[in-house]
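Student: The following block contains a protein sequence and its predicted model.
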Amino acid sequence: MPMLVITGTGTEVGKTVTTAAVAAGALARGMSVAVLKPAQTGVGEDERGDATEVARLAGAVTTVELARYPDPLAPATAARRAGMAVLRPREVAEAAEKLAADHDLVLVEGAGGLLVRFDELGTTIADAARLLSAPVLLVAPAGLGTLNSTALTAEALGARGLECAGVVIGSWPSVPDLAARCNLTDLPGAAGAPLLGALPQGAGQLPPAEFRGRAASWLAPRLYGTWDAEAFSRGYDPDGAGS
């Protein structure tokens, strides 16, 4: 899997921390990793963006950001308000392919959800993924409402002929409620893809050394980790002792 597009069911679901965890796991296996953030919104010129945050947490990754817009809005809207050029999927694909020539793994982190618009034509990170023929990792929240948003995103991926590599829960609460515990069983069905990890709530606030040391335990082997979905889910069985 030399290239992976990472998207979410919406904003603030843990995409950046998940990207960092995948990067940390790959680095621990001796791989060279690049992180591409096509459109960074809501961040000033001198502020730290998502790609920089991934590098802070994961370690020695190559980071590339293609466009930065000051307003915390969809890239197309933010570009329009700032009077700046929009980003096109072809630019994203070309940048990712260039990075892939020199790295074992390229992680492309989208902005917001799958269908957040890049430009006035309505193109999205899904269009870039299609140009790259890359699988898409879906990051979802743990609790109530996530099954609907996950199913909708998976349906949009399928309609575009894109592979959903799996689902990662971006922030697993320290005390999960009934909905979250049941969703461990139900999320794979909603996504039509396996559950590939669960990051603990607050993972992004860990010291980088601790983050790197623990990242593999949060992610399944396909994402360069050791996490076991069946064992994890069994520990939170709402009808068993783990509840």
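Tutor: Done, it's in.
Student: Count the residues that sit near residue 232.
Tutor: Counted with other CB atoms under 10 Å, residues neighbouring residue 232 total 18. Every residue, glycine included, has its C-beta placed from N, CA and C.
Student: Likewise for residue 122?
Tutor: Here the number of neighbours of residue 122 (other CB under 10 Å) works out to 10.
Student: can you check the one 4 residues further on too?
Tutor: For residue 126, the neighbour count with other CB under 10 Å is 24.
Student: same deal with residue 37?
Tutor: In terms of burial, residue 37 registers 25 neighbours under the definition other CB under 10 Å.
Student: those helices in the chain, which residues are they?
Tutor: Taking DSSP state H as the criterion, the chain contains helices spanning 15-28, 50-58, 75-82, 89-100, 125-132, 146-159, 178-191, 208-214, 229-235.
Student: And the last one, what's buried?
Tutor: It refers to helix 229-235. By neighbour count, with 16 or more other CB atoms under 10 Å as the criterion, the buried positions of helix 229-235 are 229, 232-233.
Student: One more: the second one?
Tutor: Neighbour-count burial for helix 50-58, with 16+ other CB under 10 Å as criterion, is recorded at 50-55, 57-58.
Student: Ok, the fourth one next?
Tutor: The neighbour-count criterion (16+ other CB under 10 Å) identifies 89, 91-93, 95-96, 99-100 as the buried residues of helix 89-100.
Student: Take the helices of the chain and lay them out in a markdown table including distance to residue 200 and mean pLDDT.
Tutor: Supplementary listing: these in a markdown table, determined by distance: least, CB to CB, whole Å; pLDDT from 0 to 100:
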| stretch | distance to residue 200 | mean pLDDT |
| --- | --- | --- |
| helix 15-28 | 10 | 98 |
| helix 50-58 | 14 | 97 |
| helix 75-82 | 30 | 96 |
| helix 89-100 | 29 | 97 |
| helix 125-132 | 26 | 97 |
| helix 146-159 | 17 | 97 |
| helix 178-191 | 12 | 96 |
| helix 208-214 | 8 | 98 |
| helix 229-235 | 11 | 94 |
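Student: With distance to residue 64 as extra columns, can I get these in JSON lines?
Tutor: Compiled in JSON lines, the helices of the chain are given as follows (distance: least, CB to CB, whole Å):
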{"stretch": "helix 15-28", "distance to residue 64": "13"}
{"stretch": "helix 50-58", "distance to residue 64": "7"}
{"stretch": "helix 75-82", "distance to residue 64": "16"}
{"stretch": "helix 89-100", "distance to residue 64": "6"}
{"stretch": "helix 125-132", "distance to residue 64": "13"}
{"stretch": "helix 146-159", "distance to residue 64": "24"}
{"stretch": "helix 178-191", "distance to residue 64": "28"}
{"stretch": "helix 208-214", "distance to residue 64": "20"}
{"stretch": "helix 229-235", "distance to residue 64": "32"}
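Student: and of those, who's closest to residue 221?
Tutor: With CB to CB as the measure, helix 15-28 is the member of these nearest residue 221 (9.4 Å).
Student: so how far is that closest one from its chain's centroid?
Tutor: Shown here is helix 15-28, whose average C-alpha point lies 9 Å from the average C-alpha point of the whole chain (CA atoms, centre = their mean, to the nearest Å).
Student: Against which helices or strands is that helix packed?
Tutor: The helices and strands touching helix 15-28, judged by 3 or more CB pairs under 8 Å, 6 or more residues apart in numbering; DSSP states H and E, are strand 3-8, strand 33-41, helix 50-58, strand 105-113, strand 136-140, strand 164-172, strand 195-200, helix 208-214.
Student: hmm, try it at 6 Å
Tutor: Taking 3 or more CB pairs under 6 Å, 6 or more residues apart in numbering; DSSP states H and E as the contact definition, the neighbouring helices and strands of helix 15-28 are strand 3-8, strand 33-41, helix 50-58, strand 105-113.
Student: What are the buried residues along it?
Tutor: Taking 16+ other CB under 10 Å as the neighbour-count basis, helix 15-28 is seen to contain the buried residues 15-28.
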